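Peer 1: sequence plus predicted model, see below.
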Amino acid sequence: GQQVMQIPQYQHVQEGEDFTTYCNSSTTLSNIQWYKQRPGGHPVFLIQLVKSGEVKKQKRLTFQFGEAKKNSSLHITATQTTDVGTYFCAGPGNTGKLIFGQGTTLQVKP
Amino acid sequence: DGGITQSPKYLFRKEGQNVTLSCEQNLNHDAMYWYRQDPGQGLRLIYYSQIVNDFQKGDIAEGYSVSREKKESFPLTVTSAQKNPTAFYLCASTTTHSTGGETQYFGPGTRLLVL
């Protein structure tokens, strides 16, 4: 079946270092979304990418949608302790409902 | 995340007991979803409903049941048939972007523990 995979599963960085998580779909996606879940919290929508090759920025976060619309990345520049959490990508499945990746959990050492 | 409430925040279940988790939204969203999240894991879809009085099984529906009698409410019952119910349960509702695609808004979740 259709799958959305994320790597890495876990990442530990020193505060100030950069961080990237990658998302890969087994099928072409009409759009890709990113969510952040803080420890003990619930997922919160960050952004949606729709166009092939699209790049969007939110302060230190840069989101990219691949040319083939099958992969995406989230890059955080100069991580801060507030960036701690699990980042999920999600794309619409064949039935229209979202399929979530397994998430990348980011730990930041101060 | 605003506009979706889940209760209780913590729930304890005894062996053989059915328990019901509440999910209410005042966002006027048509579609609602239930997910299960285990520690260090992603989100697994239990059930979803795209319209009142209709719902569909997700990937892990066994041992769970739902109802959708009102647009605002989508309660989840964890039955005694669910042998490993300890998890974090998340309810979500969906709105559609102007550019297409649906964004999910999540409630704060209910942590279910088995005694």
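Peer 2: All right, it came through fine.

Peer 1: show me what contacts residue B:92?
Peer 2: B:4, B:32-35, B:104-107 (C-beta atoms under 8 Å, 6 or more residues apart in numbering or on different chains). C-beta here means a position set from N, CA and C on the backbone, and glycine is covered the same way.

Peer 1: pull out the buried residues from the particular helix or strand that has it in it.
Peer 2: Assigned by DSSP states H and E, residue B:92 belongs to strand B:87-96. Across strand B:87-96, burial judged by 16 or more other C-beta atoms under 10 Å in any protein chain shown covers B:87-94.

Peer 1: sheet partners, orientation included, of that strand?
Peer 2: strand B:31-37 (antiparallel), strand B:102-106 (antiparallel), strand B:110-114 (antiparallel) (DSSP bridges).

Peer 1: out of these, deepest packed?
Peer 2: strand B:31-37 (a mean of 24; mean count of other C-beta atoms under 10 Å in any protein chain shown).

Peer 1: any idea of the mean pLDDT in that one?
Peer 2: Averaging pLDDT along strand B:31-37 yields 95.

Peer 1: list the helices and strands the helix or strand just after that strand packs on?
Peer 2: Going down the chain from strand B:31-37, the next helix or strand is strand B:43-51, by DSSP H and E. Taking 3 or more C-beta pairs under 8 Å, 6 or more residues apart in numbering or on different chains; DSSP states H and E as contact, the helices and strands that strand B:43-51 lies on are strand B:31-37, strand B:54-57, strand B:64-66.

Peer 1: recalculate using a threshold of 10 Å.
Peer 2: strand A:98-100, strand B:31-37, strand B:54-57, strand B:64-66, strand B:76-78, strand B:87-96 (3 or more C-beta pairs under 10 Å, 6 or more residues apart in numbering or on different chains; DSSP states H and E).

Peer 1: now that we have the ones you listed, can you turn them into JSON lines and tack on distance to residue A:84?
Peer 2: Listed next are the helices and strands packed on strand B:43-51 as JSON lines, based on distance: least, C-beta to C-beta, whole Å:
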{"stretch": "strand A:98-100", "distance to residue A:84": "19"}
{"stretch": "strand B:31-37", "distance to residue A:84": "17"}
{"stretch": "strand B:54-57", "distance to residue A:84": "34"}
{"stretch": "strand B:64-66", "distance to residue A:84": "31"}
{"stretch": "strand B:76-78", "distance to residue A:84": "29"}
{"stretch": "strand B:87-96", "distance to residue A:84": "18"}
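
Peer 1: need the nearest residue in space to residue B:29, chain neighbours excluded.
Peer 2: Spatially, and ignoring its direct neighbours in sequence, residue B:29 is nearest to residue B:93 (3.8 Å; C-beta to C-beta, 6 or more residues apart in numbering or on different chains).

Peer 1: and residue B:101, what does it touch?
Peer 2: Neighbour list for residue B:101: A:29-33, A:48-50, A:90-92, A:96, A:98, B:94 [criterion: C-beta atoms under 10 Å, 6 or more residues apart in numbering or on different chains].
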